[in-house]
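Visitor: What follows is a predicted protein model with its sequence.
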Amino acid sequence: MKKILAVVAGALLIGAFAASYGRLPPPTPEEKAAAAAKAEKEAAGKAKAAKELAKAQDDAVTNYKKNKGSSSAAATAEHRPEQSSASAPAPSQPQANDHSTTARDPQNSSAKAPPGN
């Protein structure tokens, strides 16, 4: 039984190896025409997308140049009020999630403190 299985497995391997070197038949004229039409359609789509991208980039440059110097300091101050240190006092004690210190909190640290501290 084992010899039969070994022979069948060997035959399958040889068949798979031989099939990997097989060639496909050449494409028919209809298949060639369909492939050419598909390639032409894809090329036209890429050209259209490139044209739209170039137009969008030109519009963006035109808009940037038109509005480049129009904003003044007063206009930006209206949109973005300045934050002074007096209006928002700094917290006296750091909060748990403010990440303002790099030191470890000895109460919440998972590492044990060295002896002598």
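Guide: Looks like it came in fine.

Visitor: Under the pLDDT cut-off, which ranges of the chain? List them.
Guide: In the predicted model, the chain carries pLDDT under 70 at residues 69-117.

Visitor: any chance you could map the helices in it?
Guide: 2-20, 29-67, 73-79 (DSSP state H).

Visitor: Could you dump those helices into JSON lines and include mean neighbour count?
Guide: Every C-beta, even on glycine, is put in place using the N, C-alpha and C of the backbone. Shown next, in JSON lines, are the helices of the chain (neighbours: other C-beta atoms under 10 Å):
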{"stretch": "helix 2-20", "mean neighbour count": "9"}
{"stretch": "helix 29-67", "mean neighbour count": "10"}
{"stretch": "helix 73-79", "mean neighbour count": "8"}
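
Visitor: give me phi/psi at P26?
Guide: When read as degrees, to the nearest 10, the backbone of P26 gives phi -60, psi 150.

Visitor: Can you tell me how far it is from A56?
Guide: Going from P26 to A56 by C-beta to C-beta, to the nearest Å gives 43 Å.

Visitor: L5 now?
Guide: Where A56 is concerned, L5 sits at a distance of 65 Å (C-beta to C-beta).

Visitor: try K65
Guide: Between K65 and A56 the computed distance is 15 Å (C-beta to C-beta).
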